[in-house]
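*Asks:* A structural model of the following input is requested.
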Amino acid sequence: MDKMQIIKTRKSVRTFDGQKITDEDKEKLLNYTKTIENPYNIPVEFLILDSEKYNLSSPVIEGEDTYIAAKVAKVDHCEEAYGYSFEKMILYAWSQGIGTTWVGGTLDRPLFEKAAATRDNEYMMIVTPIGYPSKTQSKVDSALRESVKGDERLPASKLFYEHDFSIPLDNSEDCLDAVRWAPSAANRQPWRIVKDDNDYHFFLEHTKGYSSGVGWDVQKIDMGIAICHFLCVKNGNLVFDEPEIETDEYTEYIATISCE
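*Replies:* The predicted structure is shown next:
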């Protein structure tokens, strides 16, 4: 599969077939994570955690025996770097027939943080089970996917603009379509992009009243995922050069990708 196929076909897997993931596949995944770089140049460390050894589980996951966690230093832009790097791993796993899903709320966080030996100066924001997808979904899995409308996305005209936020883009390029199909917490799709010639300005439209109750901004992780999808299909350089574009109080400039 090419990158757009991987992006468009990949789905969250919460129901696994119960078959233990092979040592070969675990090694393949872990070796791949060691090659991941993100445009923020912030290291993200990945770990494979055995469910039985550490008594790890999630009430929305069924049939798993292994998790992958990741840790990052508590620095500026750590959320975006984390989201970018974690999604690179997620997409690679899917290309190898390995199922995953982002788990950030439905877990015993202190237990996972202890298993990952998380230090005081680090965040362990997200984990994912890894394994082979079941042919059928559990009732919890089906209900959760339906509740967040996981197979649906906002139209391009609600996400992408030209020059400023007054001119919607109805027809998106592959790089923007890749962003449109990115996963996000509760499928809120908080990214907004303003295209100005060869510059793509990424903004975060914060969900009104949303608070994750943790020490980091979950929706900035989503922005890292969006940037990952964009750069998977189009070359560009990440820069911080906020344009003079009028925004409302809920919209925050994140970064610009400049494409030659």
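*Asks:* And the strands in the stretch 1-150 of the chain?
*Replies:* 44-50, 66-73, 122-123, 127-129 (DSSP state E, counting those that start in this stretch).
*Asks:* Those: which one's closest to Thr136?
*Replies:* With C-beta to C-beta as the criterion, Thr136 lies closest to strand 127-129 of these, at 16.6 Å. All C-beta atoms are positioned from the backbone trio N, CA, C, and that covers glycine.
*Asks:* just to revisit the earlier point, packed most tightly, which of the strands of the stretch 1-150 of the chain would that be?
*Replies:* strand 127-129 (a mean of 27; mean count of other C-beta atoms under 10 Å).
*Asks:* I'd like the mean pLDDT over that strand, please.
*Replies:* The average pLDDT for strand 127-129 rounds to 98.
*Asks:* which residues touch it?
*Replies:* The contact list for strand 127-129 (C-beta atoms under 8 Å, 6 or more residues apart in numbering) reads 13-14, 16, 49, 51, 58, 61, 64, 66-70, 86, 90, 99-104, 107, 112.
*Asks:* can you tell me which residues contact Met223?
*Replies:* If you count contacts by C-beta under 8 Å, 6+ apart, Met223 has them with Glu79, Glu80, Gly83, Pro190, Trp191, Phe202, Leu204, Ile254, Ala255.
*Asks:* sec struct for Ser157, please.
*Replies:* What DSSP: H, G, I helix; E, B strand; the rest coil gives for Ser157 is helix.
*Asks:* My read is that it contacts Phe165, right?
*Replies:* No: under the criterion of C-beta atoms under 8 Å, Ser157 makes no contact with Phe165, lying 11.6 Å away.
*Asks:* The two: which has the busier surroundings?
*Replies:* The neighbour comparison of Ser157 against Phe165 (other C-beta atoms under 10 Å) goes to Phe165, with 16 against 13.
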